[in-house]
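Student: could you look at this predicted model? Sequence included:
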Amino acid sequence: HIPQGPVCTNLGLKPGQRLTVKGKVAPNAKSFVMNLGKDATLLGLHFNPRFDAHGDVNTIVCNSKKVEEWGAEHREAVFPFQKGGTAEITFAVNQSDVTVHLPGHQFTFPNRLNLSVFDYFDTQGDFTLQSLSWE
């Protein structure tokens with residue numbers, strides 16, 4: 001059973017805006033997920049750091065989801081997360097992509113669904129959300 005964190009459904013995040021997520025990683029974390037999209041069925045960004053899950057070790061896997069259809073997985077080898085540590089991640093929304101800012105690293109993920117606004121955000125897995133802020 002994957003623990004479900006808070007769900008936001010009316011964020012209204014538009015290009016030029018950013019969402020900053022802070023929280024704590026579980027001491028025995030296997031993986032956690034942050035989803036950003038239009039709603040639970042249209043995910044522009046599925047952000048999934050894996051400590052040890054699905055055959056991946058210390059890898060960030062990103063994807064998009066359109067209803068039940070997943071896109072191609074995108075993997076980042078940089079892994080700035082620690083079990084039992086705190087994490088701060090900023091998602092900056094642009095016209096054509098989302099820039100993910102991690103401690104000491106950033107990468108972009110394309111806006112494959114061409115979403116003009118990101119209304120939906122949730123967290124799942126071995127992560128406890130402490131604060132959400134957007135600007």
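Tutor: That came in fine, so what should we check first? Numbering: from 1, shown residues only.

Student: what's the distance between the closest residue to D52 other than its chain neighbours and K14?
Tutor: Distances taken as C-beta to C-beta, 6 or more residues apart in numbering place K30 nearest to D52, at 5.6 Å, with adjacent residues excluded. Bear in mind the C-beta positions are built from the backbone N, C-alpha and C, glycine included. With the distance defined as C-beta to C-beta, to the nearest Å, K30 ends up 34 Å from K14.

Student: also L129?
Tutor: L129 sits 22 Å away from K14, going by C-beta to C-beta.

Student: for the two, indicate the residue with more neighbours.
Tutor: L129 (16 against 12; other C-beta atoms under 10 Å).

Student: list the beta-bridge partners for that one.
Tutor: Beta-bridge pairing for L129 (DSSP bridges): G23.

Student: which SS class is L36?
Tutor: strand (DSSP: H, G, I helix; E, B strand; the rest coil).

Student: that one - how many residues pack around it?
Tutor: Neighbours of L36 (other C-beta under 10 Å): 26.

Student: wait, it touches V98, no?
Tutor: Yes: under the criterion of C-beta atoms under 8 Å, L36 makes contact with V98 at 6.9 Å.

Student: strands along the protein, start to end?
Tutor: Secondary structure of the chain (DSSP state E): strands at 4-8, 18-25, 32-37, 42-53, 56-66, 69-70, 74-76, 86-93, 97-102, 105-110, 120-125, 127-134.

Student: pairing partners for the shortest one, with directions?
Tutor: Just to be clear, that refers to strand 69-70. Using DSSP bridges, the strands paired with strand 69-70 are strand 56-66 (antiparallel).
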